[in-house]
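1. no sequence on hand, only this structure:
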């Protein structure tokens, strides 16, 4: 099995454990282990098959998780995962495909309302039962109704190589608009993850120009299947299945002064951004997609935000390449001046 396949099993296990309300530390350990395996620079299968090595040598992998990884590699399955799948109906797991609906909320819908299918979920949302649940509300209920169609459409995780062909073409076409000053890819695609579940694009427009021009261009693009939602500064579309794997793409039009902060925020990863926010708090600052601000004067001007370099500098760090932003040691390397020089296309001398 590939590293991505092994990591997927661990993520599925973590999702089911969280739906059942398992210990958060236990859930987090499985997600952390999945990230470790997915970003491993060597095949995990080779490590497992080496009698002198063990997954326990990897950061954050203990004995219990190591045994599960070995089982996945050698047998292609995990008994614990099979048992949990018998306890949690497939229709409940399908709810995870609704954008913005995570395992914890799905667990509440399953345990408190007894919902076991997308049809039952839709009926409950239509009747207003979900809005009454603690921690949900009318906004979440509406989000569920809007996302059920996508969940029924099925999983839309796509290989990076397929996704980039489509999104790079879209970015290039949008950059040709007279009203657009900058447009760039963000999200997991910018971090060059092997597979992606959605796409993020950020754009800035000329001063005094509305975002309607760039949104109209995206809506009418030949690779776009349909517009799912649109506001003043954000638009969500679904790409054609044959060209973009049916992926959803979020376009955000941001102010020039917030471009760097938005790029840093929406590039992720979630784990990386948590550490960035913590470092900001330690310095009396607050960082979000709009910029870096003083915690004592949130209504005051931004301390940084125009460029990513400014954002990282505000939290005491040099700029960190997107490919490293996984909270897998990049902060320690950045602080000690040991960030690696990444391989670029220009470095390649041949393809054997």
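-> Cool, the structure landed. None of the values given here were measured: they were computed from a predicted structure.
2. how is the chain divided into domains?
-> 3-87, 90-153, 158-253, 258-335 (automatic domain parsing).
3. got those domains as JSON lines, with mean pLDDT columns?
-> Formatted as JSON lines, the domains of the chain follow (pLDDT from 0 to 100):
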{"stretch": "domain 3-87", "mean pLDDT": "93"}
{"stretch": "domain 90-153", "mean pLDDT": "90"}
{"stretch": "domain 158-253", "mean pLDDT": "92"}
{"stretch": "domain 258-335", "mean pLDDT": "95"}
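4. can I get these in JSON lines with distance to residue 344?
-> C-betas here are computed from N, CA, C, even on glycine. Converted to JSON lines, the domains of the chain look like this (distance: least, Cβ to Cβ, whole Å):
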{"stretch": "domain 3-87", "distance to residue 344": "17"}
{"stretch": "domain 90-153", "distance to residue 344": "34"}
{"stretch": "domain 158-253", "distance to residue 344": "12"}
{"stretch": "domain 258-335", "distance to residue 344": "11"}
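5. tell me which of those domains lies nearest to residue 352.
-> Nearest of the domains of the chain to residue 352, taken as Cβ to Cβ: domain 3-87 at 18.0 Å.
6. ends of that closest one, how far apart?
-> In domain 3-87, first residue to last residue: 27 Å (Cα to Cα, to the nearest Å).
7. ok now that domain, how far from the chain's centre?
-> With Cα atoms, centre = their mean, to the nearest Å as the basis, domain 3-87 stands 19 Å off its chain's centre.
8. who touches stretch 8-19?
-> For stretch 8-19, contacts defined as Cβ atoms under 8 Å, 6 or more residues apart in numbering pick out 24, 26-27, 30-31, 33-34, 37, 65, 68-69, 72, 77-78, 80-81, 84-85, 87-88, 92-93, 96, 102-104, 106-107, 110.
9. buried residues, it. List them.
-> Residues of stretch 8-19 classed as buried by neighbour count (16 or more other Cβ atoms under 10 Å): 8-19.
10. list the residues that contact the closest residue to residue 59 other than its chain neighbours.
-> Of all residues not flanking residue 59 in the chain, residue 36 sits nearest, at 6.3 Å (Cβ to Cβ, 6 or more residues apart in numbering). Listed by Cβ under 8 Å, 6+ apart, the contact partners of residue 36 are 58-61, 328.
11. what's the closest of the buried residues of stretch 8-19 to residue 288?
-> residue 18 (25.7 Å).
12. helix or strand: which one has the closest one?
-> Using DSSP states H and E, residue 18 maps to helix 3-19.
13. what sits against residue 287?
-> In this structure, residue 287 makes contact with 261, 265, 276-277, 280, 293, 311, 314-315, judged by Cβ under 8 Å, 6+ apart.
14. out of those, which are inside helices?
-> Counting by DSSP state H, those place 261, 265, 276-277, 280, 311, 314 in helices.
15. residue ranges of the strands in the stretch 251-352 of the chain, please?
-> Under the criterion DSSP state E, counting those that start in this stretch, strands of the stretch 251-352 of the chain are mapped to 285-288, 291-294.
16. now distance to residue 179 too, for these, in TSV please.
-> Conversion of the strands of the stretch 251-352 of the chain to TSV gives the following (distance: least, Cβ to Cβ, whole Å):
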stretch	distance to residue 179
strand 285-288	26
strand 291-294	23
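17. switch the contacts of residue 36 over to TSV; also include distance to residue 287, secondary structure and neighbour count.
-> Listed next are the contacts of residue 36 as TSV, based on distance: Cβ to Cβ, whole Å; DSSP: H, G, I helix; E, B strand; the rest coil; neighbours: other Cβ atoms under 10 Å:
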residue	distance to residue 287	secondary structure	neighbour count
58	30	coil	17
59	26	coil	9
60	25	coil	12
61	31	coil	19
328	20	coil	19
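18. hmm, which two among the residues you listed are most spread apart?
-> Maximum pairwise distance in the contacts of residue 36, criterion Cβ to Cβ, is 12.6 Å, between 61 and 328.
19. count of neighbours near residue 197?
-> For residue 197, the neighbour count with other Cβ atoms under 10 Å is 17.
20. before we move on, back to that, looking at the ones in helices among the contacts of residue 287, which is nearest residue 147?
-> Nearest to residue 147 out of those is residue 265 (Cβ to Cβ; 22.2 Å).
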